[in-house]
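> Please work out how this folds:
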Amino acid sequence: MKRRRFLTSSLATAAAITAETRLAKAQSTQSSEAASTTAGNKQREYYELRRYHLESGPQTKLTNAYLEEALIPGLNRLGMKPIGAFNLEVGVETPSIYVLIPSNSLETLVRSEFRLREDDQYMKAGEAFLSAPAKEPAYTRIESSLMIAFEGWPKLIVPPVSGKEGKRVFELRTYESPSNADHQRKVEMFHSGEFDVFQRAGFWQVFFGDVLIGPRLPKLTYMLGFPDLSERNAKWKAFQTDPEWKKLTSSSRFNYESIVSNVTNVMVAPTAYSQV
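Next comes the predicted model:
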């Protein structure tokens, strides 16, 4: 038990130090004009984005049951909500399920795995998944990244239609940059008017996260939503032809070099039990 507490404390401390270091670097490069557009003193959320790599068949059914009946209710009891759960619709390596976990507290987020193990309801509901034998594993692999919300978009925003109230589909986009300086400049670009362009184009802006821990850093990840895939192209056209977007991309502050070196874009659909 002492060793578990030590490891948990060490993980929380390391994650906090990483978050604070990355945040300080980002803030130091932002202009006062960009900073004035941020959300003031609103507390920024932290996010864990998981991807469960699965195989078609029993794995998919077992993992969905675990997420719906054990993980999401358990995380909700820890105060983390709303939890998003999404099936990969367009992208490589399907089937896959993405799980988005928001938290106001970094420590709560990094300690959640240990606290869930002490939750009898969680352990009982998730027993089949948690005790799956090696010859019949519950999943192939899990990928995970830790993010902090952008200053100008400090909280996850649930779309106006959620749960069983209406159709929705989401676009999960990740921008990699060739250097930390370019990454920070791209984050600043969102705070300099890009949020407003998305709003005018009609997108639902769900979350924007600066990735602190994960593969292929530096990078950022964000999620947009809309009622139907048929609306996607029209919304992106409105975005790309917006006069303010053209002005932003022609600014010498943002077009002096390619500040985004790679874009990963996947389409995901919420599960029936997703809270986003």
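> Where does pLDDT dip in the protein?
Scanning the chain for pLDDT under 70 picks out 1-41, 162-166.
> right, and Gly225 touches Lys167 too?
No: contact status for Gly225 versus Lys167: not in contact, 10.5 Å apart, counting by Cβ atoms under 8 Å. The C-beta positions use only the backbone N, C-alpha and C, and glycine is treated the same way.
> These two: which has the busier surroundings?
Gly225 (21 against 11; other Cβ atoms under 10 Å).
> Setting aside sequence neighbours, what's the nearest residue to that one?
Trp204 (3.7 Å; Cβ to Cβ, 6 or more residues apart in numbering).
> and that neighbour, backbone torsions?
Dihedral angles of Trp204 (phi, psi; degrees, to the nearest 10) stand at phi -90, psi 120.
> how about the helices of the protein, start to end?
For the chain, the helices defined by DSSP state H occupy 2-29, 32-35, 58-66, 72-77, 106-116, 120-125, 127-130, 180-189, 195-201, 232-240, 243-249.
> Nearest residue to the middle of the protein?
Among the residues of the chain, Leu49 comes closest to the average C-alpha position under Cα atoms, centre = their mean, at 4.9 Å.
> beta partners for that one?
Going by DSSP bridges, Leu49 is paired in beta bridges with Leu100, Ser145.
> does Phe170 really touch Pro270, like I thought?
Yes: Phe170 is within contact range of Pro270, at 7.1 Å (criterion: Cβ under 8 Å).
> residues contacting the residue lying closest to Val161 once chain neighbours are set aside?
Nearest non-adjacent residue to Val161, counting by Cβ to Cβ, 6+ apart: Arg168, 5.5 Å away. Applying Cβ atoms under 8 Å, 6 or more residues apart in numbering to Arg168 gives the contacts Pro159, Val161, Ser162, Trp204, Gly225, Phe226, Pro227, Pro270.
> Make a PyMOL selection of whichever of those turn out to be buried.
To isolate the buried members of those in PyMOL, using 16 or more other Cβ atoms under 10 Å:
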select buried, resi 159+162+204+225+226+227+270
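> Looking at the contacts of Arg168, which are in strands?
Mapping the contacts of Arg168 onto strands (DSSP state E) picks out Trp204, Gly225, Phe226, Pro270.
> number of nearby residues for Lys155?
Counted with other Cβ under 10 Å, residues neighbouring Lys155 total 14.
> related to what we said a few turns ago, kindly present the contacts of Arg168 as CSV, with separate columns for distance to Glu136.
Output for the contacts of Arg168, formatted as CSV (distance: Cβ to Cβ, whole Å):
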residue, distance to Glu136
Pro159, 37
Val161, 37
Ser162, 34
Trp204, 39
Gly225, 35
Phe226, 38
Pro227, 39
Pro270, 27
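> what's the farthest-apart pair in the contacts of Arg168?
Ser162 and Phe226 (13.3 Å; Cβ to Cβ).
> before we move on, back to that, tell me the one of the contacts of Arg168 nearest Thr60?
Of all those, Pro270 has the smallest distance to Thr60: 15.6 Å, by Cβ to Cβ.
> how many other residues sit next to the closest residue to that closest one other than its chain neighbours?
Excluding its sequence neighbours, the residue lying closest to Pro270 (Cβ to Cβ, 6+ apart) is Phe86, at 5.5 Å. Close neighbours of Phe86, defined as other Cβ under 10 Å, add up to 23.
> List the residues that contact Phe86.
Neighbouring residues of Phe86 by Cβ under 8 Å, 6+ apart: Ile97, Tyr98, Val99, Leu100, Phe170, Leu172, Val268, Ala269, Pro270, Thr271, Ser274, Val276.
> for it, which residues make a bridge with it?
In this entry, Phe86 is beta-bridged to Tyr98, Pro270, by DSSP bridges.
> correct me, but Gln59 touches Phe129?
No: using Cβ under 8 Å as the test, Gln59 is too far from Phe129 to be in contact (9.8 Å).
> Give me the common contacts of those two.
Applying Cβ under 8 Å, 6+ apart, one finds that Gln59 and Phe129 are jointly contacted by Ala138.
> picking up where we left off before, next one: the residue nearest to Gly225 from His183, what distance?
Distance, Trp204 to His183, using Cβ to Cβ, to the nearest Å: 25 Å.
> From one end of stretch 96-109 to the other, what's the distance?
Start-to-end span of stretch 96-109 (Cα to Cα, to the nearest Å) is 22 Å.
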